[in-house]
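**Q** Here is my input; please provide its structure:
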Amino acid sequence: MLPTGGKESQLRESNSQKVHPQPMEEAVSQSPEAIDALISRIFTKISSLKSAYIQLQAAHTPYDPDKIQAADKHVIAELKNLSELKHFYRENNPKPACVSPQDSRLAAEIQEQQSLLKTYEVMVKKFQSEIQNKDSEIHQLQLQIEEASQKRHKLEKNLKLRGLSLRDSDGLGEQNGFFPVDLTPELFTSAVEAAYKAIHDFSKPLINMMKAADWDLDAAAQSIESSVVYARRAHKKFAFEYYICQRMFSGFQEESFSDKPESLAANKDSFFHQYLALREMDPLDTLGQNPDSIFGKFCRSKYVMVVHPKMEASFFGNLDQRNYVMGGGHPRTPFYQAFLKLAKSIWLLHRLAYSFDPSVKVFQVTKGSEFSEIYMESVVENLVIDESEQKPLVELMVMPGFRIGENVIRSRVYLTGMKVAE
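**A** Residues are numbered from 1 along each chain as shown. So this is what the prediction gives:
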């Protein structure tokens, strides 16, 4: 047994010792109901996050920028909600100091902020990519607007011209033939066909007048273009068509077309309106109203170019008709009226060519050129070309070719070294 004094001494020492209680955090805890509610909210938010992520995936197939942006915002909102729950739990359930020091807690928060920062960086890059895509779309839309404006300008021009023709039609009636037409490549192609037919048609009375005047047609064809080898004697008619073509299309590549440039102040609209004004009119009636018009001067210059003085003297025994034309008149003789039909068709073709923007380009084929089916068409039907032999060569061009945009209207040529099927 210990002495009584010893016990008292021991008790005093025990009472004098300091008590070190555990941190207050260990005593703090939530009720089981609160923990269950928190867990339930966590699962709910996780389900919402999963749903938002599924919506984000669905928005990529098919690609829908608006839905992707909305789904992104939804996912970020759910991540923020989960982060808030995490902070709420940490604030109400801090770990003991002996288990998780303050530095560890700060490190965890820093790591969380870094994760959020990475998420925001990804979002920023994505938004920058979307901005670039939008800029590209804006640029494409601007190009489309510019293209649409150009088309609108062309349509307004056509409508304006059609409106002019309609007003003329209302004022003058259908007898003058002013009807609205569209400026199309097909319209120009039909005008080319009409011009070639007019050349062919005028060559007939020209040859008949030569026969009546006892011309040697073989010698006449030889004088037009020598050294041409004709497959048949009847093919010499193409020499006269060539003669007419060369003179009627002289100056076609110029806007003035055989007239003085300073006398013309034409634009695309006026060219097309001139085409419309003459298209259905009788050329002699038109010249009777205004013999010194641009068309009248064109007819006058082309007549004296096509019909040589010696030719006319042999046809009519004098130069009265030539002198009358050169004096500013337009005779009503059958021969001159036949010429006016030719002049009208070539004039209309020129007016139409310069109505397009850009203008139609004319091209010619020179003698001795190798035949090309892309740019040439034989005036002789049933042509047989032997690929094993040398390609036929061009002897005469009886109608030039044209380029209208990307389309090519082939020239018409007479070839040498060819065979004709019977």
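
**Q** going forward, measure contacts and count neighbours with C-alpha atoms only.
**A** Will do.

**Q** Ala239: neighbour count?
**A** The tally of other residues near Ala239 (other Cα atoms under 10 Å) stands at 26.

**Q** what about the residue lying closest to Leu319 once chain neighbours are set aside, which helix or strand?
**A** The shortest distance from Leu319 to any non-neighbouring residue, by Cα to Cα, 6 or more residues apart in numbering, is to Ala313 (5.7 Å). Assigning secondary structure by DSSP states H and E places Ala313 in helix 309-316.

**Q** and the residue nearest to Leu319, how many neighbours does it have?
**A** By other Cα under 10 Å, neighbour count at Ala313 equals 16.

**Q** and it, what pLDDT?
**A** Per-residue pLDDT puts Ala313 at 95.

**Q** which residues are in contact with stretch 319-338?
**A** Stretch 319-338 is contacted by residues Phe202, Pro205, Leu284, Leu287, Gly288, Pro291, Asp292, Arg300, Val304, Pro309, Glu312, Ala313 when judged by Cα atoms under 8 Å, 6 or more residues apart in numbering.

**Q** The first one belongs to a helix, doesn't it?
**A** Right, the one you point to is Phe202. Yes. Read with DSSP: H, G, I helix; E, B strand; the rest coil, Phe202 is one of the residues of a helix.

**Q** check contacts around it.
**A** Here Phe202 is in contact with Ala338, Phe339, Leu342 (Cα under 8 Å, 6+ apart).

**Q** Just the closest of those to Ile39, please.
**A** Checking the contacts of Phe202 against Ile39 with Cα to Cα, the nearest one is Leu342 at 98.1 Å.

**Q** in terms of contact, does the closest one touch His200 like I think?
**A** No. Contact status for Leu342 versus His200: not in contact, 9.2 Å apart, counting by Cα atoms under 8 Å.

**Q** Number of residues surrounding Glu255?
**A** Neighbour count of Glu255, defined by other Cα under 10 Å: 20.

**Q** Can you check the pLDDT for it?
**A** For Glu255, pLDDT reads 88.

**Q** Now do the SS call for it.
**A** Classification of Glu255 using three-state DSSP returns coil.

**Q** Excluding residues flanking it in the chain, which one is nearest it?
**A** Tyr354 (7.2 Å).

**Q** any idea how far Phe188 is from the one you found?
**A** 11 Å (Cα to Cα, to the nearest Å).

**Q** if I look at Phe402, how far off is Val228?
**A** 25 Å.

**Q** Show me which of those two is the more surrounded one.
**A** Neighbours were tallied for Phe402 and for Val228 using other Cα under 10 Å; the higher tally belongs to Phe402 (21 against 18).

**Q** beta partners for the more buried one?
**A** Going by DSSP bridges, Phe402 is paired in beta bridges with Val362, Ile409.

**Q** From Gln57, how far off is it?
**A** Using Cα to Cα, we find Phe402 at a distance of 57 Å from Gln57.
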